[in-house]
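A.B. asks: could you look at this predicted model? Sequence included:
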Amino acid sequence: MIVINRKPVSLAKRVFETNEEELRRLDSELKNKKRSEADRIEEDYCPTELDEDLDNIEFVESRSSASCKIDDIQGIIFGGQSSRFWMLRKHISSQHLRKKDKMPFYSWNCLTLQLKHRDVDLVIRNESHMKMLIRFLIFRLKTIDGQKGSAIPILEEIRSRVPPMKFREAEESIYNQVCFRYTMLMIRHKISFSAFSKKMAIHELLIRTIQTSYRVFVQEGLFKVDPTLEKIYDQMIPKEITN
C-alpha cells in the first residue's frame, strides 16, 4: 500500500492554534472572489483546507515513509482512537461551537493501520473512498473485528459444513456483515457529533428528531391522529422537547 504525502509548495498557516483576529483574517481570505465565483464546491469541502483550484496553490506529491505492504498490516482501527487522533480530539472538543462546522476532519474520517512496529494514521474525507478501503482491508486481512486473521476460525468451520461451491458465497456474506458494522459505526460517530454540537445527550437528540418529524408529518397531512390521543401525547412530551 503506497501512501502519498500531498503538501503545498508554500505552506499556509493553519487555523488550529491561531488567535481570534488571525482566524477572522484567514476566513476572510478564503472567501475571496475566486472562491465565491467557483462553479462547484464539493459537499464535503472544508474551508480550512487548501484546494489546488480554488486557492490557486501548487502542491507537490511524495511517497510517504508510512507506505507499507498489505501483508504487514496487523489490524485496523476505525475512528479517532489512536494517540495522535486522541490529542486532536481533546483540542477539537475544547473549541467554540461555532467552529465545529469548519473542522479539517471528523472522527468518521479517521482510520489507523496497525503495523508491526508503528501505526499509520490516515484521514480520508471522501466517505465512498473510506468504505472502499475498509471493505478491501476486511477481505484481505480476513477479519471480523479489525484484527488480522480473526475470521479464519469461523471460515474453517464453515468450510467443513458447506459444499465447496457454496463456501465463497458464505465467506462473502460474513465479510458483508462486517462491512455493515463499520457503516453503523460511521453513523454512530455522526450522531454523537451532532448531539455534541447541539449540546444534547444522544437520547435527547433522537427524541427531538422523532418529535420534529412527527409534527411535520401531521402538519402535511401524511397521517391523521385522533384529537384525544393528540392531547394525551402532548401532555406526555415535555414542553422543552416539543418546542
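C.D. replies: Thanks, I have it. Just so we're clear, the structure is a prediction, and the values are computed from it rather than from any experiment.
A.B. asks: run through who's touching the one helix or strand H129 maps to.
C.D. replies: Assigned by DSSP states H and E, H129 belongs to helix 127-141. Applying C-beta atoms under 8 Å, 6 or more residues apart in numbering, the external contacts of helix 127-141 come out as 44, 70, 73, 75-76, 78, 108-109, 111, 124, 143, 147-149, 175, 178-179, 182-183, 186. For the C-beta atoms, the positions are set from N, CA and C on the backbone; glycine is no exception.
A.B. asks: mind giving me the PyMOL command for buried ones among those residues?
C.D. replies: Provided next is the PyMOL selection string for whichever of those are buried by 16 or more other C-beta atoms under 10 Å:
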select buried, resi 73+75+76+78+108+109+111+124+143+148+175+178+182+186
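A.B. asks: ok, T212 - how many residues close by?
C.D. replies: By other C-beta atoms under 10 Å, 12 other residues sit near T212.
A.B. asks: just checking, what packs against the lengthiest helix in the chain?
C.D. replies: For the chain, the helix with the greatest residue count under DSSP state H is helix 164-197. Counting contacts by 3 or more C-beta pairs under 8 Å, 6 or more residues apart in numbering; DSSP states H and E, helix 164-197 packs against strand 75-78, helix 127-141, helix 152-159, helix 202-219.
A.B. asks: wait, which of these is closest to V60?
C.D. replies: Taking C-beta to C-beta, helix 127-141 is the member of these nearest to V60, at 21.4 Å.
A.B. asks: tell me the average confidence for that closest one?
C.D. replies: Helix 127-141 carries an average pLDDT of 94.
A.B. asks: go through it and flag the buried ones.
C.D. replies: 130, 133-135, 137-139, 141.
A.B. asks: so this structure: which segments form each domain?
C.D. replies: Residue ranges for the domains of the chain, per automatic domain parsing: 4-63, 70-197, 203-242.
A.B. asks: distance between the ends of the second one?
C.D. replies: Read it as domain 70-197. End-to-end distance for domain 70-197: 37 Å, by C-alpha to C-alpha, to the nearest Å.
A.B. asks: which of the buried residues of helix 127-141 lies at the shortest distance from K190?
C.D. replies: Closest to K190, out of all of the buried residues of helix 127-141 and judged by C-beta to C-beta, is M130, at 12.6 Å.
A.B. asks: distance of that closest one relative to K198?
C.D. replies: Counting by C-beta to C-beta, to the nearest Å, the gap from M130 to K198 is 25 Å.
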